[in-house]
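Engineer: Any chance you could fold what I've pasted below:
(one chain, ligands or ions: 1)
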Amino acid sequence: MDKKLIVANMKMNMTYEQIKDYLNEVNELEYSHLVICPSNIYIPYFINHKYLVGIQNVASQNMGSLTGEVSAYQVSSLGVKYAIIGHSERRIKLGEIDSDINKKIKLCLDNNIKPILCVGETLKEYNNNSTKLYIEKQIIDALNGINDLNDVIIAYEPVWAIGSGNIPSTNEIANIIRFIKDVIKEHFGYNNIKVLYGGSINPENINLLNSINGLSGFLIGGASLSPSKLKKIIEVAVK
Ligand code: PGA
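Structural biologist: So this is what the prediction gives:
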């Protein structure tokens, strides 16, 4: 079995002083399947260590007049290898839609960056039992026109589980992971899609989450801001 991919989504956190302390600790981590995604301004400080570096979003074009944005083309030249695309915070708070996400995934692939497509239902769909319908549409729209899914990763992140301390049961997660793989098989004819779980992962629940079959790794928000928590999560996930 492949090693689990551990993706740290640092979101919009830490001052420069805090980043220096954080780096002192994470630079000691030896795990080669760790991807750290800091705020864009700190990316260069994270390059060339024993882990890999990801970006939390990319622009919808390669270069040019798009004030304030950062492109896959640019960060690829810095050595960034992964990008989180379509995170629910971007969809909900910043109005990102599936067609933007589709464009961004294509730009990542064109620039040798592995996109991590985030999908997941809100509490409303969860309570209506429409999780599968909702996720299926997100996947089909985001991956429209992409023929080679070898470098694409999907992260299942129920919106209601992000930052809330609540997680679905292991059965529920296993069921959605299987469903995502079936959707990819049916609509894209691809059998090896990697699926991560994300949402309120911490050192206390990682043992349980790591027992779920078919998961290729984890996307970690809040807990990744603590190098010692990140280390504990990695220690369990490598087992
Ligand atoms: P969380 O965030 O681990 O803090 O719930 C996960 C995410 O938003 O990717």
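Engineer: only C-alpha atoms for contact and neighbour calcs from this point on.
Structural biologist: Fine.
Engineer: got the buried residues for stretch 74-89?
Structural biologist: The neighbour-count check on stretch 74-89 (16 or more other CA atoms under 10 Å) flags Val75, Ser76, Gly79, Val80, Lys81, Tyr82, Ala83, Ile84, Ile85, Gly86, His87, Ser88 as buried.
Engineer: List the residues that contact Leu143.
Structural biologist: Counting by CA atoms under 8 Å, 6 or more residues apart in numbering, Leu143 makes contact with Asn102, Ile105.
Engineer: can you do 10 Å?
Structural biologist: Counting by CA atoms under 10 Å, 6 or more residues apart in numbering, Leu143 makes contact with 98-99, 101-103, 105-106, 117, 137, 149, 152, 184, 187-188.
Engineer: In TSV, list the buried residues of stretch 74-89 along with pLDDT.
Structural biologist: TSV is the format used below for the buried residues of stretch 74-89 (pLDDT from 0 to 100):
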residue	pLDDT
Val75	98
Ser76	98
Gly79	97
Val80	98
Lys81	98
Tyr82	98
Ala83	98
Ile84	98
Ile85	98
Gly86	98
His87	98
Ser88	98
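Engineer: I figured Asn191 hits Asp182, correct?
Structural biologist: Yes. In this structure Asn191 lies within contact range of Asp182 using CA atoms under 10 Å: 8.5 Å.
Engineer: Could you check which of these two is surrounded by more residues?
Structural biologist: Asp182 (17 against 13; other CA atoms under 10 Å).
Engineer: Does that one touch Ile139 like I think?
Structural biologist: No. Applying CA under 10 Å, one finds Asp182 not in contact with Ile139, separated by 11.4 Å.
Engineer: restrict the buried residues of stretch 74-89 to contacts with the ligand.
Structural biologist: Among the buried residues of stretch 74-89, no residue sits close to the ligand (CA under 6 Å from any ligand atom).
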